[in-house]
Structure formats: C-alpha cells, structure tokens
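Colleague: Got a predicted model here, sequence first, then my questions.
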Amino acid sequence: MTKPSMPENLKLVEHPLIQHKLTLMRRKEKSTAEFRALLLEIALLLGYEAMKHLPTELREIETPITKTMQPVLAGKKLCFVSILRAGDGLLGAMLDLVPSARVGHVGLYRDEKTLRPVEYLVKLPHDMAHREVVALDPMLATGNSAIAAIDRIKQAGARNISFVCLLAAPEGIENMSQAHPDVPIVTAAIDEGLNEHGFIVPGLGDAGDRLFGTK
C-alpha cells in the first residue's frame, strides 16, 4: 500500500526518549501498570511539543533579589478534551503541565462492524470559543472517532484546536486532514497502516484495554 503524503499540519515528534519508551509500550508482555506509566511519560513530552507555541505576556514579580518582568501564559486558560476512554491516559500528564486548564470529555465507542464511532457523552466547558483546545486520544487509526469528536468540539464554538495522539496510521492522518485541515496533529509515530479490523499495524493493541487492564 502506498502511503499518502504527509500534510503540513502534521508534527512527528521523533525525540529518542519518546521512541525508546514507545518501543517498550508496544511489547505485549508489558503490565497495565508499566503501560500506564510509560504513556504518562510520553504524554508529558508530547505535551511540551504540542504547546510550545502558546503565547506569553510579561508580568511583574519579585524574586528574593529584586522586582522583574517575566513571562507567563497569556489569554484564557487551555481546555484539554479527552476522547474517552483512552484519552484519559494522556489527560493526567497534560494537567500536570497546565494544572489550571479546563477539561472536557467526548465519549465515543467504535462499532466493530462498521468501524464508525457511536457517541454516548459530550461534556464541554461553556466558553470553548475563547479557549485553545487540545484534543487527546492515544490512537489515530481510521480517524473516524477523532473526526467525530472534533466535529462536536467545533459545534461547541471552539476554533483553535489541536489533536495529540501516541500513534497514527496514514489512513487516519489522511482522513483527519481532509475533514479538519485546520487542526494540527501531534504524534509520536506513524505506523504502517490498518489491518482488516481497523487496528493500527504494528501498533500496540487496544490502548484503552491495555491502559485500564480490560484486555
């Protein structure tokens, strides 16, 4: 299969620590606790990359030595939107980086026959139009769930949105970029493609099952 060309809004984070930890996560013998810990570590590194563009403004503070003008984050607080359930594996690390951020949830599950997302929950802050939103889901496979979630986020008024995932398939990247070309995609790896069941190959299995011990 010929892979589609990568869009300009795609950011592949190829830090050696991320690649090493991701290889450890892929191993099927990793325990739930080990998988969860590795995901947290990678999510922290992805979060730094995904938010490196955030604007700052100078404010006066006083150090033990003197008063000084120093940078702080500017504007409204961020909103992290976890695409349930696996998105919660990234959410904790993002909140460690930005504890004051608001949190939203979009609950979706995949119909195993059609591979289409089925929505069961949407809970978002009321002022999404005034916030920068980071949508979170470890896997971008077909892209159907991510597209549906971002549709709902946009319906809530958000216009400044990015998407952070651990693994992406070329098919998911292409579908997401066609549906939402204005949404940057930040990922740690681009795998070979999808199998007949819509799972990423070589992948790491079902991220939610491995994260929560339900495999």
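Modeller: Cool, the structure landed. Numbers count the residues shown, from 1 in each chain.

Colleague: by contact count, what packs against the longest helix seen in the chain?
Modeller: Scanning the chain for the helix with the most residues, using DSSP state H, yields helix 32-50. If contacts are counted by 3 or more CB pairs under 8 Å, 6 or more residues apart in numbering; DSSP states H and E, helix 32-50 sits against helix 16-26, helix 88-97, strand 160-168, strand 185-190, helix 207-212. Every C-beta, even on glycine, is put in place using the N, C-alpha and C of the backbone.

Colleague: Give me the sheet partners of the third one and which way each runs.
Modeller: Read that as strand 160-168. Strand 160-168 has the following sheet partners, assigned by DSSP bridges: strand 132-136 (parallel), strand 139-140 (parallel), strand 185-190 (parallel).

Colleague: Can you dump the C-alpha atoms of that strand in PDB for me?
Modeller: The C-alpha coordinates for strand 160-168 follow below in PDB (Å, rounded to 0.1, in the frame of the first residue of the first chain):
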ATOM      1  CA  ASN A 160      -8.300  26.900  17.900                       C
ATOM      2  CA  ILE A 161      -7.900  23.200  18.200                       C
ATOM      3  CA  SER A 162      -5.000  20.700  18.000                       C
ATOM      4  CA  PHE A 163      -5.000  16.900  18.300                       C
ATOM      5  CA  VAL A 164      -2.400  14.900  20.200                       C
ATOM      6  CA  CYS A 165      -2.000  11.200  19.800                       C
ATOM      7  CA  LEU A 166       0.600   8.500  20.500                       C
ATOM      8  CA  LEU A 167       0.300   6.500  17.300                       C
ATOM      9  CA  ALA A 168      -1.200   7.400  13.900                       C
END
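
Colleague: thinking Arg210 is in contact with Leu204, fair?
Modeller: Yes - applying CB atoms under 8 Å as the test, Arg210 and Leu204 come out as touching, 6.9 Å apart.

Colleague: thinking again about what came up before, JSON lines please, covering the strands paired with strand 160-168 and showing distance to Val103 and mean neighbour count.
Modeller: Below are the strands paired with strand 160-168 laid out as JSON lines (distance: least, CB to CB, whole Å; neighbours: other CB atoms under 10 Å):
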{"stretch": "strand 132-136", "distance to Val103": "10", "mean neighbour count": "26"}
{"stretch": "strand 139-140", "distance to Val103": "20", "mean neighbour count": "27"}
{"stretch": "strand 185-190", "distance to Val103": "18", "mean neighbour count": "22"}
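
Colleague: Would you convert those strands into JSON lines that also reports distance to Ala169 and mean pLDDT?
Modeller: Formatted as JSON lines, the strands paired with strand 160-168 follow (distance: least, CB to CB, whole Å; pLDDT from 0 to 100):
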{"stretch": "strand 132-136", "distance to Ala169": "17", "mean pLDDT": "96"}
{"stretch": "strand 139-140", "distance to Ala169": "7", "mean pLDDT": "95"}
{"stretch": "strand 185-190", "distance to Ala169": "8", "mean pLDDT": "96"}
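
Colleague: Figure out which of those is closest to Asn9.
Modeller: Asn9 lies closest, by CB to CB, to one member of these: strand 185-190, at 6.2 Å.

Colleague: the inter-axis angle of the closest one versus helix 32-50?
Modeller: If you take axes from the mean of the first three to the mean of the last three CA atoms, to 10 degrees, strand 185-190 sits at 130 degrees to helix 32-50.
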